[in-house]
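K.L.:
Generate coordinates for the sequence data below:
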Amino acid sequence: MNLLRKIAWISVVAAMVAGLWSCKKTEEETDEKESMSGAIVYDIPYYVLKGETVTLSASGVTYPREVSYKWYISGVYADTLSASVVTVRFPDSLGVYTVSAFSYADGFYSSSTARQVTTIDTAWNKSLTGLRRSDNFIEDSRDGHVYRYVTIGGTDWFSQNLAWQGTGVPFKASPATAGMFGSFYTWNEAMSGQVCPEGWSVPTIEDWNALGTALNGGTSPDFFSNWTGLGVKASAEAYLNGERMWPYSPDNAHTNDFGWNAIPLGYSFRADSEVSGMNEYGFWWCATERNATQAYYRYIWYDRADFPAGYTDKDDLRASVRCVRRHPQSS
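P.N.:
As a prediction, the model looks like this:
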């Protein structure tokens with residue numbers, strides 16, 4: 001092939017490549033999509049009852065104005081559900097399910113949000129296991145809720161957390177958990193009116209000291225001390241849907257000597273429904289004030305054997321409440 005023919009052939013090939021590249025670029029430009037503005041939001045509790053039916057409503061995408069939604073619930077439905085509002089029935093079994101919501105529109109990249117939901121059974125010894133069950137109980141006349149209690153050192157103590165929902169917030173904002181975990185309250189909420197059932201009250205320093213004396217074998221510990229070793233005797237080796245609640249620690253064996261049944265639900269703050277310290281801490285209010293703005297509480301940490309006291313702002317922290325009833329001879 002002479003030089004002129006070679007140059008001509010190279011020119012033809014170059015033109016073909018340029019044409020193909022031009023077509024490819026045009027196709028890519030045609031396939032380019034916009035990103036949506038806003039994030040998908042929907043309300044669903046962290047915990048629902050097994051077999052419970054929940055209505056889900058997706059929103060939150062602000063651009064484009066016309067957008068469609070679809071849902072996929074792992075282990076519940078094999079196919080997606082196409083609607084902004086759907087009704088979902090969770091299985092009659094205990095488990096963890098992922099609820100995913102997708103938004104889509106022509107010419108836009110899709111968007112998605114996923115949340116995990118745990119199904120629970122609040123009947124005794126179903127989802128929550130490892131607690132000691134007292135034969136003593138009362139029924140709250142306000143809502144019919146039944147509370148088990150134990151008598152320790154001349155005082156009746158709830159062996160479960162207060163679940164009154166006239167104030168405070170349920171654990172992880174999930175009403176289904178009230179029967180097992182109770183609710184979280186600021187000190188002001190716990191002390192406003194009668195949060196405990198009639199005849200019962202939030203424990204004072206004196207009530208806590210009576211508990212500490214019993215746990216300590218008759219020797220009264222100072223309220224402000226660490227109550228060395230007493231966290232072991234007050235906490236239960238509890239399981240939620242088969243999963244250990246307190247992480248293992250050689251320093252806290254959770255012997256639960258008196259059936260007080262402490263479990264690690266953590267705490268939350270007034271401005272935030274999210275729970276901090278779950279599976280690490282249990283927090284319970286004391287009715288006694290430290291000063292005009294602060295009040296005391298007691299807590300157990302998974303990696304210590306103790307049951308110390310602390311204090312915080314009355315309207316900041318949300319913690320659990322155990323109600324007490326003094327016997328006449330102990331008043």
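K.L.:
all strands for the stretch 101-250 of the chain, in order.
P.N.:
111-120, 128-129, 137-139, 146-152, 155-158, 169-170, 183-184, 239-240, 243-244 (DSSP state E, counting those that start in this stretch).
K.L.:
tell me the most buried of the ones you listed?
P.N.:
strand 183-184 (a mean of 26; mean count of other CB atoms under 10 Å). In this view, the C-beta of every residue, glycine as well, is placed from N, C-alpha and C.
K.L.:
strands paired with that one, and their directions?
P.N.:
Its sheet considered, strand 183-184 pairs with strand 169-170 (antiparallel) by DSSP bridges.
K.L.:
before we move on, the earlier item: Pro221 is nearest to which of the strands of the stretch 101-250 of the chain?
P.N.:
Closest to Pro221 of the strands of the stretch 101-250 of the chain is strand 146-152 (CB to CB; 14.1 Å).
K.L.:
Can you name the residues in contact with that closest one?
P.N.:
133-134, 136-140, 156-160, 162-163, 197, 210-211, 214-215, 258-260, 323, 325, 327 (CB atoms under 8 Å, 6 or more residues apart in numbering).
K.L.:
okay if I get the strands of the stretch 101-250 of the chain as JSON lines plus mean pLDDT and distance to Asn252?
P.N.:
Formatted as JSON lines, the strands of the stretch 101-250 of the chain follow (pLDDT from 0 to 100; distance: least, CB to CB, whole Å):
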{"stretch": "strand 111-120", "mean pLDDT": "97", "distance to Asn252": "25"}
{"stretch": "strand 128-129", "mean pLDDT": "98", "distance to Asn252": "18"}
{"stretch": "strand 137-139", "mean pLDDT": "97", "distance to Asn252": "28"}
{"stretch": "strand 146-152", "mean pLDDT": "97", "distance to Asn252": "19"}
{"stretch": "strand 155-158", "mean pLDDT": "98", "distance to Asn252": "20"}
{"stretch": "strand 169-170", "mean pLDDT": "92", "distance to Asn252": "27"}
{"stretch": "strand 183-184", "mean pLDDT": "95", "distance to Asn252": "23"}
{"stretch": "strand 239-240", "mean pLDDT": "98", "distance to Asn252": "16"}
{"stretch": "strand 243-244", "mean pLDDT": "97", "distance to Asn252": "12"}
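K.L.:
Dump those to TSV, plus distance to Ser192.
P.N.:
Formatted as TSV, the strands of the stretch 101-250 of the chain follow (distance: least, CB to CB, whole Å):
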stretch	distance to Ser192
strand 111-120	29
strand 128-129	28
strand 137-139	22
strand 146-152	20
strand 155-158	19
strand 169-170	14
strand 183-184	14
strand 239-240	30
strand 243-244	35
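K.L.:
Compare those strands and report which one is nearest to Thr312.
P.N.:
For the strands of the stretch 101-250 of the chain, the distance to Thr312 is smallest for strand 183-184, at 13.2 Å, taking CB to CB.
K.L.:
Show me where the stretch 51-200 of the chain dips below the pLDDT cut-off.
P.N.:
Counting by pLDDT under 70, not a single residue of the stretch 51-200 of the chain qualifies.
K.L.:
The same query, at a cut-off of 90, please.
P.N.:
Applying pLDDT under 90 to the stretch 51-200 of the chain picks out residues 153, 173, 179, 192-194.
K.L.:
Quick check: the gap between the nearest residue to Thr177 once chain neighbours are set aside and Ser37.
P.N.:
In this structure, Thr177 finds its nearest non-sequential neighbour in Phe171, 4.4 Å apart by CB to CB, 6 or more residues apart in numbering. Phe171 sits 34 Å away from Ser37, taking CB to CB, to the nearest Å as the criterion.
K.L.:
Check Thr155 too.
P.N.:
Distance, Thr155 to Ser37, by CB to CB: 58 Å.
K.L.:
picking up where we left off before, neighbour count for Phe171 and Ser37, which is higher?
P.N.:
Neighbours per residue (other CB atoms under 10 Å) separate Phe171 from Ser37, with Phe171 holding more: 28 against 12.
K.L.:
rewinding a little: measure the residue nearest to Thr177 to Val232 for me?
P.N.:
24 Å.
K.L.:
contacting residues around the residue nearest to Thr177?
P.N.:
Going by CB under 8 Å, 6+ apart, Phe171 touches Tyr47, Thr177, Ala178, Phe181, Gly182, Ser183, Phe184, Leu265, Val275.
K.L.:
same thing but at 7 Å, please
P.N.:
For Phe171, the contact set (CB atoms under 7 Å, 6 or more residues apart in numbering) comprises Thr177, Phe181, Gly182, Ser183, Phe184, Leu265, Val275.
K.L.:
can you pick the most crowded of these?
P.N.:
Using other CB under 10 Å as the neighbour criterion, Phe184 leads the contacts of Phe171 with 29 neighbours.
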